[in-house]
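> Here is my input, please return the structure:
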Amino acid sequence: MAELRRGEMGFTATERVCMGAPAAEAVGDQAERMGARRVFLLVGSTLRQETGEIRRIEAALGERHGATWSGIPPHAPRADVLAATDAAREARADLVVTVGGGSVTDAGKIVPLLIRHDVRTVEGFEALRTRVNEDGAVVNPITIGPEIRVVCVPTTLSGGEFNTLSGATDEATRHKQGYEHRAMAPVLVVLDPALTIHTPPWLWLSTGVRSVDHAVETLASDKSNYFADGMADSALTLLAEGLPRSKSDPRDLDARLMCQVGAWQSMISIIGGVPMGASHAIGHILGGTCDVPHGYTSCVMSPYVLAWNAHYDDSRQARIAKCLGRPGVAASRALDDFIRELGMPRTLAEVGVGPDRFQQIADYTMLDIWGRTNPRPVRSPQDILEILTAAA
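Presented below is the predicted three-dimensional model:
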């Protein structure tokens, strides 16, 4: 008799996901439902300055609009997240709405937490961030979550809007750190494919690969379960079709919505409790410490991590290749081909990271929340160095 494959899935405080409706309509409706009077918009600078999308949302909110703030740089540095928090505090925000990419989303989810804990300096972040102890266990100090809810309108495919976990970078150490509480998940996520037309193609496709990486590391994990695998399978199948279609025809809104739903499904396993592996752990460091764009980290690392894991146990990787339309091919090869066909970078050199950074990346990876949850055990920085050397 086969061994029973046990599992458990947790769920967040997100109440609704709106698919396909215009963002202005969905945000205005949510503010009215909640009786919000001072809605704080935290938005991407390009969307605000070069399109009319933010003005449409402000108009839909009408008197419910409290303030609009933009200017979150990549990887959400602490000082910029604090500046946004101060602006939301001054506006006496009772609802935060984020419109933009992953860093805007991350910042917007942290803002209500900082308000609740009356954080007014970058040093005040320290007491709230998650840590990894010497045994590799994740320690989350947050017991009191935010009171102000968040609505997220993503314009990329990184999927962080669905997560209770959010990240901000400590500028002093260049280390991207996590903050997590169930109430940090948005009350509503709005998937408006028309809004994503403004997203630069490289950013759309690379963050799409980030969601591919969520699904890949779920299917490769020895800590997953039947439900999580099913979600990841569907996510990877949708993304494998939707990303090439949206590259071929950027105005194919159905393909874009397909990608958005795939990104959502790829996150369900993570928020349910399935840990990611070395690709994500290394990616956090490449982003926060080396300034590599969020999506590019997965474009580079995911196939190399798959190959490193295959030497240990490749039995779970066949499903990945099948979802990518390459049954019978090594998963790392199938994923490498897929990413190359999208025109994305595939080596650390291509994203400006040389061997002189490898030791620091390896050391920091061991401190990441997923630094030691890879299916092939990561026991020391030397293991990470092997992967980085292959990806050089």
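
> what helix or strand does Arg376 sit in?
Using DSSP states H and E, Arg376 sits within no helix or strand.

> pretty sure it is touching Asn309, no?
Yes - the pair Arg376 / Asn309 is scored as a contact, 4.6 Å apart, by CB atoms under 8 Å. Heads up, the C-betas are built off the backbone N, CA and C, glycines and all.

> Neighbour count for those two, which is higher?
Asn309 (25 against 18; other CB atoms under 10 Å).

> Quick check, Gly10 in contact with Gly272.
Yes - using CB under 8 Å, Gly10 is in contact with Gly272, at 5.5 Å.

> biggest helix in the protein, by residue count?
helix 226-248 (DSSP state H).

> After that one, which helix or strand is next?
Next element after helix 226-248 (DSSP H and E): helix 253-272.

> ok, Pro355 - how many residues close by?
12.

> Sorry, slip of the keys, the one I care about is Asp86.
15.

> give the contact list for it.
With contacts defined as CB atoms under 8 Å, 6 or more residues apart in numbering, Asp86 is in contact with Arg120.

> Please determine how far it is located from Phe40.
11 Å (CB to CB, to the nearest Å).

> Need the residue closest to the centroid of this protein.
Gly160 (3.4 Å; CA atoms, centre = their mean).

> Verify the contact between that residue and Gly100 for me.
No - with contact defined as CB under 8 Å, Gly160 does not reach Gly100; the gap is 11.2 Å.

> Now do the shared contacts for those two.
Pro154.

> Against Arg16, how distant is Ile115?
23 Å.

> So for the two, which sits in the more crowded spot?
Ile115 (18 against 13).

> so that one, which of the three states?
helix (DSSP: H, G, I helix; E, B strand; the rest coil).

> which one of Gly10 and Gly272 has more residues nearby?
Shown here are Gly10 and Gly272; by other CB under 10 Å, Gly272 has more neighbours (19 against 9).

> How about the contacts made by Asp363?
Contacts of Asp363 (CB under 8 Å, 6+ apart): Pro381.

> Now do it against Gly352, distance only.
The separation that Asp363 has from Gly352, given CB to CB, amounts to 20 Å.

> again with Gly272
Distance from Gly272 to Gly352, by CB to CB: 35 Å.

> on that earlier part again, how about the longest helix of the chain: buried residues?
Residues of helix 226-248 classed as buried: 228-229, 231-240, 242-244, 246-247 (neighbour count, 16 or more other CB atoms under 10 Å).

> ditto for stretch 297-314
297-310, 314.

> Among the residues you listed, which are located in helices?
Going by DSSP H, the helices hold 297-310 from the buried residues of stretch 297-314.

> what would those look like in JSON lines with distance to Leu61?
What follows is those, written out as JSON lines (distance: CB to CB, whole Å):
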{"residue": "Thr297", "distance to Leu61": "35"}
{"residue": "Ser298", "distance to Leu61": "35"}
{"residue": "Cys299", "distance to Leu61": "37"}
{"residue": "Val300", "distance to Leu61": "40"}
{"residue": "Met301", "distance to Leu61": "40"}
{"residue": "Ser302", "distance to Leu61": "39"}
{"residue": "Pro303", "distance to Leu61": "44"}
{"residue": "Tyr304", "distance to Leu61": "45"}
{"residue": "Val305", "distance to Leu61": "43"}
{"residue": "Leu306", "distance to Leu61": "45"}
{"residue": "Ala307", "distance to Leu61": "49"}
{"residue": "Trp308", "distance to Leu61": "49"}
{"residue": "Asn309", "distance to Leu61": "47"}
{"residue": "Ala310", "distance to Leu61": "51"}
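
> just these now: which is nearest Leu257?
Ser298 (21.3 Å; CB to CB).

> so what's that closest one up against?
Taking CB under 8 Å, 6+ apart as the definition, contacts of Ser298 comprise Ser206, Val209, Arg210, Val212, Asp213, Ser279, His280, Gly283.

> Can you tell me how far it is from Ala83?
29 Å.

> try Pro200
Taking CB to CB, one finds Pro200 at 25 Å from Ala83.

> what does Thr389 give?
39 Å.

> do the same with Gly52
Distance from Gly52 to Ala83, by CB to CB: 25 Å.

> Those two: which is more packed in?
Shown here are Gly52 and Ala83; by other CB under 10 Å, Ala83 has more neighbours (15 against 10).

> so where is the protein shaky, pLDDT-wise?
1 (pLDDT under 70).

> what are the ranges of the strands in it?
16-19, 39-43, 65-70, 95-100, 131-132, 138-139, 149-154, 165-170, 175-180, 188-191 (DSSP state E).

> Partner strands of the second one and their direction?
Read it as strand 39-43. Strand 39-43 has these partner strands in its sheet, going by DSSP bridges: strand 65-70 (parallel), strand 95-100 (parallel).

> Let me see the contact set for the closest residue to Ser380 other than its chain neighbours.
Distances taken as CB to CB, 6 or more residues apart in numbering put Met366 closest to Ser380, at 7.5 Å, once the chain neighbours are dropped. The contact partners of Met366, by CB under 8 Å, 6+ apart, come to Val132, Arg372, Val378, Ser380, Pro381, Ile384.
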